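In: next one to model:
(4 chains)
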2 protein chains.
Amino acid sequence: MALGRRRVTLADVAKATGVSTTTVSLVLSGRGRDLRISEEVEHRVRSTAQELGYRRNTLSVGLRTGRTQTIGFVSDTVASSLLAGNMIRGALEAAHQRGFMLFFGESGGDPGVEKALVEAMHDRRVDGIVFAAMYTRPIAVPEGLDHGPAVLLNALPAAYSSLPAVLPDEVGAGRAAARVLVDAGHREGVHLVGAGPGVEDVPPNSIAAAERLVGIRQVFDAAGVRPVTAHRCPKWMPEDGYDATREVLRHHRPKALLCLNDRLAFGAYQALAEAGLSVPDDVSVVSFDDHPIASWVRPKLTTVALPHHELGAKAVEVLFAAAERRGRLRGAPVVHRVPMSVRHGGSVKPVPVSSR
Amino acid sequence: MALGRRRVTLADVAKATGVSTTTVSLVLSGRGRDLRISEEVEHRVRSTAQELGYRRNTLSVGLRTGRTQTIGFVSDTVASSLLAGNMIRGALEAAHQRGFMLFFGESGGDPGVEKALVEAMHDRRVDGIVFAAMYTRPIAVPEGLDHGPAVLLNALPAAYSSLPAVLPDEVGAGRAAARVLVDAGHREGVHLVGAGPGVEDVPPNSIAAAERLVGIRQVFDAAGVRPVTAHRCPKWMPEDGYDATREVLRHHRPKALLCLNDRLAFGAYQALAEAGLSVPDDVSVVSFDDHPIASWVRPKLTTVALPHHELGAKAVEVLFAAAERRGRLRGAPVVHRVPMSVRHGGSVKPVPVSSR
DNA sequence: GGTTCCGGCTAAATCGTGTTAGCATCCGCG
DNA sequence: CGCGGATGCTAACACGATTTAGCCGGAACC
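Out: Numbers count the residues shown, from 1 in each chain, chains lettered A, B, ... in the order given. The predicted structure follows:
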C-alpha cells in the first residue's frame, strides 16, 4: 500500500514508451488510427500504459475539454421517502452505464441551498444537472440552473421554463386503478380516500392527486360508477387514512376503497380491521405508489406502482440528449411521461356475478 | 439566459482590475494580507470579482493543489433501506457544511463494481472515500480503497485493514432494549423474536444481531431474566416475525416480545392481533431500528433507534480527520461507535406491582 | 530534378488556477 | 551617498491532459 505514491501520468507513459505525450494521448483516446499512428507504436503505448497502471486524470481532461463525465443530481429530500432511493438508483445506473459519475446534493427545499448547490456543481463543471423533487409537485426553477443542460425530475416548473421534465403518468395511473375496481365488477359502495370528490379537492401542490383524480373520474364516468363519498386529507399519512376510513364506516358499509396512496391504504386497513371487516372479502382496496408497506400488509395491496427507477434513468437519458444537441434546435420544453403499472396483491375481490 | 456564456476567469478579473492574476489569486484565497497586498487593491479586486460574478474553477484548483473539496460515498444498496437515506443525508450535511461536494456510487455488492467505483472516484481526485454498507456487516475492503483516505461506514473489514470504521453501538442498544423491559417489571414470559437463544443463533453475517444479543443477555443475566423461547429467523422481514410469533403463541402465553428489529415486530403485531391479544395490555413489545413503520403501527413501537444521520455525519468527520493527519501517525485502526437511543412508543406496559 | 503528397510522429500552446522567486520603489540610517 | 530592509506587486512555471500546426523523410508525379 503505497500511500504517498504519485499517480502515473501521460508523461510517464510517454517516457517509458519512448514517444511523445501527444502520441500517447492520441492512442489512448482512440484517435490513433485516424491520426496515423502506426500499429506497432499503438501497441507499445497500450501495453506500457497497462503495465504502469496508467489512469487518466479526469480533472485535467475536464479542464482542457470542458467535459467532466459528471452529472449533478439535486433533490429536495432524500430521507422522507424510500421511493427516492429507487429514483436515485435509476439515475445512477444510467449514468454509470455511460461512464459518468454523479454528484449528489440535497436542498431540503431551501431556495438558497438549491442555488448554492447548482452553483457548486457548475463550479465543478458538471455536464448537466438533474433537478428532482421527491414527490411530484410544481417547483420554482432555481436561478442559474439553465446555465447548463438540465432536466426536471418528478416536477413541473411553477413558472415558464425551457427545461424538459420527466414525470410519472399519473392520469394513466388513475385510470388503471379505477379500471381494476370496474373490471372486478365494483359499481356500488365505492369510496375515495385521500382526495375528491372534485378535482380541486386535493392536498396543496399535489400534482399526483389532481392527475390521479382525473384518470379515476374518466374511467368511473365511462362505467357509470359514482363514488359514494370522497375524503380529502391534508396529508397522506397512515393516520389520515385511518381517520378518513373511520369516518366512512360511521355512515356507510363500503364495498371498495380507492386510496390515493399506500400509506392511506395502510391506515384504512387498520380502521377496517378494528371494525371487524375483512380485506378483500368485505371490502376491496386499491391504492397507488407500490410503497414497501404495500407488500408487508396482509393481504398485500393491489397498487399502481410509481416507476421510480425508470424515472431516474429516463431523466438521465433526457439530460444526455439535451446536452448533445446543446445550442441548436431548442424547441418547446418537453414533458416526458413514464407509465405506471398495476401490481396485483390480494386486496381486490371480484363482485359475485349474481349481485352485479 | 446566456447559454454559451464563457465563465469569468481569474484573468478576466485581473484585466478588469488592472492587476496581475497572481494578485487576484492571492486576494481571493485570503492570503493577500500575509503577502503584502495593499488594502486598496484588495478592495478593488474583491469588488470587480463580485461585479463580474467570478467563481473559481474547481477543476483547475484541484489540478493545481491536489485538493478537490470532494468526497466519494460508495454504498452497496440505496434502495433496500430507507434508513440508508438518513445515513446519506448525515454525510451530505457534514460535507456541505465544509464546502465539500459528494460523489455518490452504488455497487450492488459486486466487488468488480466496487473497485471500479473507487477507481473512478480516485480518477476524479476525491479527497477521501466513505465506504458504506446499508446494514451492518463485515465486508471485503475493495482493492485500491486504501490508496487514499477512507472510512468504513456501518461495516467492519472482513480481513485486517488499516481503515477506521464507524458503527452503531449495537451492544449498548441491546442493553437499552432489555433494560426497557426489566425496568417495566417484566421477568416472566419474555420471548426473543429474530435471534437467539445462543449468541451464534443469528442471521448470517449480521453483526447487529450478534451484538444486540450480547447486550440483551448482559442485562437479562444481571436481572435474572431468562427468555422463555428465542427464535432465530433467516431474514428479518415482517413475514418472519409473523411466523415466529405464531409459533410462540402455539405453546405459550407471552407477556413480552423482544424483537430484533421493527419489521419483525410489525409481523409480530399482525400475529398478536390475529390471536386477539392486545399490545401493550396483554403483550409488551420492544424492538430495534426506529424504522418509519415503528411510528405507523398502533400503538407506536418502543424501539431503539439506529442513529443513521449521526453515523453518516460521523463518518465524514472521521474522514476529514484522517485526511488531515495523512502520512503521519497512522496508529491501529480505530472503530468509532455511535450510541443508539430508545424511542418510547406505547408498546410497553409496566407489570402491575402486585403481580411482580 | 523539383514539386507535391503522404505517412508518422512531435513541439508548443492551451485550459484556469496556485506558488515560487524576484523586481522595483521608497525609507531610514550612518 | 551608499546600503539594508521593508513594501507592493508580478513574471514565469507547474498541475496533466488535449489539440493545432508543422517537421522530416521518402515516394510519386510531371
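In: remind me, longest strand of chain A?
Out: For chain A, the strand that runs over the most residues, judged by DSSP state E, is strand A:129-139.
In: show residues contacting the very next helix or strand once past it.
Out: As assigned by DSSP states H and E, the chain's next helix or strand after strand A:129-139 is strand A:150-157. With C-beta atoms under 8 Å, 6 or more residues apart in numbering or on different chains as the test, strand A:150-157 has contacts from A:87, A:91, A:128-141, A:161, A:163-168, A:207, A:311-312, A:315-316, A:318-319, A:322, A:333, A:335. The C-beta positions use only the backbone N, C-alpha and C, and glycine is treated the same way.
In: got the residue ranges for the helices in the stretch 201-350 of chain A?
Out: Listed in chain order, the helices found in the stretch 201-350 of chain A under DSSP state H, counting those that start in this stretch are A:207-223, A:238-251, A:262-274, A:293-296, A:308-324.
In: okay, those helices, which one's buried deepest?
Out: Per-stretch averages of neighbours, counted by mean count of other C-beta atoms under 10 Å in any protein chain shown, single out helix A:262-274 among the helices of the stretch 201-350 of chain A, with a mean of 25.
In: elements contacting that helix?
Out: Contacts defined by 3 or more C-beta pairs under 8 Å, 6 or more residues apart in numbering or on different chains; DSSP states H and E place helix A:262-274 against strand A:190-194, helix A:238-251, strand A:256-259, strand A:284-289, helix A:293-296.
In: residue contacts, residue A:342?
Out: Contacts were defined as C-beta under 8 Å, 6+ apart; by that measure residue A:342 touches A:176-177, A:180, A:302-305.
In: now those in JSON lines, with distance to DNA strand D and neighbour count?
Out: JSON lines is the format used below for those (distance: C-beta to the nearest atom of the strand, whole Å; neighbours: other C-beta atoms under 10 Å in any protein chain shown):
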{"residue": "A:176", "distance to DNA strand D": "48", "neighbour count": "22"}
{"residue": "A:177", "distance to DNA strand D": "51", "neighbour count": "25"}
{"residue": "A:180", "distance to DNA strand D": "54", "neighbour count": "22"}
{"residue": "A:302", "distance to DNA strand D": "53", "neighbour count": "24"}
{"residue": "A:303", "distance to DNA strand D": "48", "neighbour count": "29"}
{"residue": "A:304", "distance to DNA strand D": "47", "neighbour count": "29"}
{"residue": "A:305", "distance to DNA strand D": "42", "neighbour count": "22"}
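In: tell me which two of the residues you listed sit farthest apart.
Out: The most widely separated members of the contacts of residue A:342, counting by C-beta to C-beta, are A:180 and A:305 (12.6 Å).
In: how about the residues of the stretch 1-150 of chain A near DNA strand C?
Out: Selection of the stretch 1-150 of chain A residues close to DNA strand C by C-beta under 7 Å from any atom of the strand yields A:18-23, A:26, A:35-38, A:40-41, A:60, A:63-64.
In: redo that, cut-off 10 Å
Out: Where the stretch 1-150 of chain A comes near DNA strand C, counting by C-beta under 10 Å from any atom of the strand, the residues are A:10, A:14, A:17-27, A:32-33, A:35-42, A:44-45, A:59-66, A:123, A:125.
In: among the residues you listed, the buried ones, what's the PyMOL command?
Out: The PyMOL selection below is limited to those of those classed as buried (16 or more other C-beta atoms under 10 Å in any protein chain shown):
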select buried, chain A and resi 10+14+17+19+23+24+25+26+27+32+37+41+42+44+45+59+60+61+62+63+123+125
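In: a markdown table for the helices and strands packed on helix A:262-274, including distance to DNA strand C and mean pLDDT?
Out: Written out in a markdown table, the entries for these read as follows (distance: least, C-beta to the nearest atom of the strand, whole Å; pLDDT from 0 to 100):
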| stretch | distance to DNA strand C | mean pLDDT |
| --- | --- | --- |
| strand A:190-194 | 51 | 92 |
| helix A:238-251 | 51 | 92 |
| strand A:256-259 | 53 | 94 |
| strand A:284-289 | 45 | 95 |
| helix A:293-296 | 49 | 85 |
